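Chemist: Provided below for reference: sequence and predicted model.
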Amino acid sequence: MRAGFAALLMLVLTATLAHSQPAAAPPVHKNHAITWTAVGAGAGFALGTLAGLGMFDDAINSDRKVWTTAVGSAAAGGVVAFLLSLPHKAAGHAAPAGLTDVEVRALAASARFQRTTPSP
């Protein structure tokens, strides 16, 4: 009896929620620069940790050197990822201007062609 009542209650609530949803908003294009910055920083940290352990594993104060390498690499990875995630726009070049009739006539008048004879 309880299971039937719970199923009926769930069915009624689901139908009510389905009808109360607002209309879907138009899709919004989002820039994911923050996400890519975090991913780049994480990847930089991981690679910096591996590089630091590879280079400074047997050195004196190796823990400081490894952490410094990891943090520096994380900062560099975050900056690179941020710059790569920015929207790129093609350079806007001005359309070439056409010549007016006056300019075409002046250009034609200034052009001088030499008559050449074909060489044997």
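Modeler: Received it, and whenever you're ready, just let me know what you need.

Chemist: make it CA atoms for all contacts and neighbour counts henceforth
Modeler: Will do.

Chemist: Pull up the per-residue confidence for the residue nearest the centre of the chain.
Modeler: With distances taken as CA atoms, centre = their mean, residue 85 lies nearest the centre of the chain, 2.6 Å away. If you check residue 85, the pLDDT there is 89.

Chemist: neighbouring contacts of stretch 59-69?
Modeler: Outside stretch 59-69, the residues that touch it by CA atoms under 8 Å, 6 or more residues apart in numbering are 48, 49, 51, 52, 53, 56, 57.

Chemist: List the buried residues in it.
Modeler: The neighbour-count check on stretch 59-69 (16 or more other CA atoms under 10 Å) flags 65, 66, 67, 68, 69 as buried.

Chemist: Let me know whether residue 33 touches residue 85 as I believe.
Modeler: Yes - if you go by CA atoms under 8 Å, residue 33 and residue 85 touch, sitting 5.3 Å apart.
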